[in-house]
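# Sequence first, predicted coordinates after that:
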Amino acid sequence: MLIGFVLLVSACGYDACDALPVSEHIYPTRYACEQMAERILERRPGVVLLCGEVYR
């Protein structure tokens with residue numbers, strides 16, 4: 001069961017490595033997660049942020 005989305009940061013860009021959570025906050029929709037990613041990218045344009053699904 002999908003419960004939401006979590007914002008992840010990739011330590012090695014778009015290469016195949018594990019992404020780490022930015023915080024413990026779970027966003028109810030992918031759109032809400034992507035909005036937060038955009039806000040962070042305005043201040044830190046060099047980071048690679050992803051929205052990952054969270055299941056129960």
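Yes, it's here.

# Do a quick rundown of the helices in the protein.
30-43 (DSSP state H).

# lowest-pLDDT helix or strand in it?
Lowest mean confidence among the helices and strands of the chain (mean pLDDT, DSSP states H and E): strand 19-21, at a mean of 89.

# who's in contact with that one?
The contact list for strand 19-21 (Cβ atoms under 8 Å, 6 or more residues apart in numbering) reads 6, 7, 8, 9, 10, 11, 50, 52. For every residue, glycine as well, the C-beta is placed using N, CA and C.

# distance of the second one from residue 51?
Right, the one you point to is residue 7. From residue 7 over to residue 51 the distance is 6 Å, taken as Cβ to Cβ, to the nearest Å.

# any shared contact partners between the two?
Taking Cβ under 8 Å, 6+ apart as the contact rule, the neighbours common to residue 7 and residue 51 are 27, 33, 37.

# burial measure for the second one, as a count.
Right, the one you point to is residue 33. For residue 33, the tally of surrounding residues (other Cβ atoms under 10 Å) stands at 25.

# now it: how far from residue 12?
Distance check for residue 33 against residue 12: by Cβ to Cβ, it reads 21 Å.

# elements contacting the longest strand that the chain contains?
For the chain, the strand that runs over the most residues, judged by DSSP state E, is strand 2-10. With contacts defined as 3 or more Cβ pairs under 8 Å, 6 or more residues apart in numbering; DSSP states H and E, strand 2-10 has these neighbours: strand 19-21, helix 30-43, strand 49-55.

# what's the closest of the ones you listed to residue 1?
Taking Cβ to Cβ as the criterion, residue 1 comes closest to strand 49-55 out of the helices and strands packed on strand 2-10, the separation being 6.3 Å.

# Using CSV, write down the CA coordinates of the closest one.
What follows is strand 49-55, C-alpha atoms only, in CSV (Å, rounded to 0.1, in the frame of the first residue of the first chain):
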residue,chain,number,x,y,z
LEU,A,49,17.0,15.3,-5.7
LEU,A,50,14.5,12.5,-6.4
CYS,A,51,11.0,11.6,-5.1
GLY,A,52,10.7,8.0,-4.0
GLU,A,53,7.6,6.0,-3.2
VAL,A,54,7.0,4.9,0.4
TYR,A,55,5.0,1.7,1.1
